[in-house]
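Participant: give the three-dimensional model of this entry:
(chains A and B)
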Amino acid sequence: MIKPKTMAIPFESFEVQVESPVDFASLKRNGMNLDSLMGAQQLFAYFNMLNGPTYVKLVKDSG
Amino acid sequence: MARDPSLKGKTRKEMGLEPFRQTEIRSAVMGIPITITEEVIAKACRVASTGRFLWNVSRKHPLLEIFTYVVLKGNPATKLVEIEGHHRMLLKFITDCFFQKGGGSDQPSVDHKLVLYFLAAYEKINLPRYLMHHLCWAIKEGIRGKRKQIPCGRLLFEIFTQGKLLETLRRYRLATDRSLKTVTGKIINDKTLQNMKIIKNSLPTRRT
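Facilitator: Numbering: from 1, shown residues only, chains lettered A, B, ... in the order given. Below is the predicted model:
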């Protein structure tokens, strides 16, 4: 049986961390070409997703 | 179980609980239930949950030797700020885009060193599985009162939107962009390269 656990941290002190979006074009122009490294990971769609907005309050509400 | 002894020995299904299939994170946003599994994360990330995944590796894991060879150029004393520019960028992705931790730039764990190795060696990592573990880790730390940050804000939000949650909230005028507090993370670009001292000056942005 899983014991229900509650967090002792007050709701207000929670802090939502947001992932950093990456500007690959800007990096590439400055000699940091990550196309092949990231291509191998098939992660471009993931980084595209990171470009979107985050509604902090909603994430916090679910915490 | 403690409340009702007649339930003893029965399966989860018989107790009226959902069957245990895999690790799940259950949550509810404004009363709407949400279940987070590895599959859900994979869908939100648009990444297949295949590839390398190692967790809780020992400090003597043979791959760590290859890590030293590939990333640290064979010298275990190499500091992570001294490694090659591309690899430093990958490490930045690990700490800022995949697995955020509590403030300060602490040393990556052994597990995260292996992630860096996989990235540097063109070996596909199982990002959804890593992210699932990271979320579970953050929850456990939270329960122990050690952490108050919620990582992967963008990803979690993506999961909620895919569940049509936002549509529902908007339809009933329960949420607007302003009331929900929209933010975007700090962008990694040419300025970051400058700050990390990988390049001296960034090229001026071309007008298109």
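Participant: sec struct for residue 57, please.
Facilitator: You didn't pick a chain, so chain A it is. For A:Lys57, the assignment made with DSSP: H, G, I helix; E, B strand; the rest coil gives helix.
Participant: need the contact list for the nearest residue to A:Phe44 once chain neighbours are set aside.
Facilitator: Excluding the flanking residues, the one nearest A:Phe44 by CB to CB, 6 or more residues apart in numbering or on different chains is A:Met38, at 6.2 Å. Backbone N, C-alpha and C define where each C-beta goes, glycine included. The contact partners of A:Met38, by CB atoms under 8 Å, 6 or more residues apart in numbering or on different chains, come to A:24, A:44, A:47.
Participant: before we move on, what about A:Pro21?
Facilitator: Counting by CB under 8 Å, 6+ apart, A:Pro21 touches A:47, A:50-51, B:97, B:184-185, B:187-188.
Participant: mind redoing it with 10 Å?
Facilitator: A:47-52, B:96-97, B:154, B:184-189 (CB atoms under 10 Å, 6 or more residues apart in numbering or on different chains).
Participant: in helices, which of those residues appear?
Facilitator: Of the contacts of A:Pro21, the ones assigned to helices by DSSP state H are A:47-50, B:154.
Participant: among the residues you listed, who's most crowded?
Facilitator: Among those, the one with the most neighbours (other CB atoms under 10 Å in any protein chain shown) is B:Arg154, at 27 neighbours.
Participant: quick one, what contacts that residue?
Facilitator: Residues near B:Arg154 by CB under 10 Å, 6+ apart: A:16-21, A:49-55, A:59, B:44, B:97, B:183-185.
Participant: write the ChimeraX selection for whichever of these are buried.
Facilitator: Buried members of the contacts of B:Arg154 can be picked out in ChimeraX with the line below, counting by 16 or more other CB atoms under 10 Å in any protein chain shown:
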select /A:16,17,18,19,20,21,49,50,54,55,59 /B:44,97,185
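Participant: lowest-pLDDT helix or strand in chain B?
Facilitator: Lowest on mean pLDDT, DSSP states H and E among the helices and strands of chain B sits helix B:177-180, with a mean of 61.
Participant: and for chain A?
Facilitator: Ranking every helix and strand in chain A by mean pLDDT, DSSP H and E puts helix A:56-62 at the bottom, with a mean of 72.
Participant: packing partners of that helix?
Facilitator: strand A:15-16, strand B:25-29, strand B:32-36, strand B:149-150, helix B:153-162, helix B:165-171, helix B:177-180, strand B:182-183 (3 or more CB pairs under 10 Å, 6 or more residues apart in numbering or on different chains; DSSP states H and E).
Participant: one more time with 6 Å, if that's ok
Facilitator: strand A:15-16, strand B:25-29, helix B:153-162 (3 or more CB pairs under 6 Å, 6 or more residues apart in numbering or on different chains; DSSP states H and E).
Participant: pick the most buried one from the ones you listed.
Facilitator: helix B:153-162 (a mean of 23; mean count of other CB atoms under 10 Å in any protein chain shown).
Participant: now that helix against strand B:32-36, angle please.
Facilitator: If you take axes from the mean of the first three to the mean of the last three CA atoms, to 10 degrees, helix B:153-162 sits at 120 degrees to strand B:32-36.
Participant: could you list the low-pLDDT ranges of chain B?
Facilitator: For chain B, the stretches flagged by pLDDT under 70 are B:1-23, B:26-32, B:103-106, B:163-184, B:204-208.
Participant: break it down into its structural domains.
Facilitator: Here the domain parsing of chain B from automatic domain parsing is B:1-50+B:126-198, B:54-125.
Participant: quick check, central residue of chain A?
Facilitator: Residue closest to the mean C-alpha point of chain A, counted by CA atoms, centre = their mean, is A:Glu19 at 2.9 Å.
Participant: any stretches of chain A with poor pLDDT?
Facilitator: Chain A contains residues with pLDDT under 70 at A:1-9, A:61-63.
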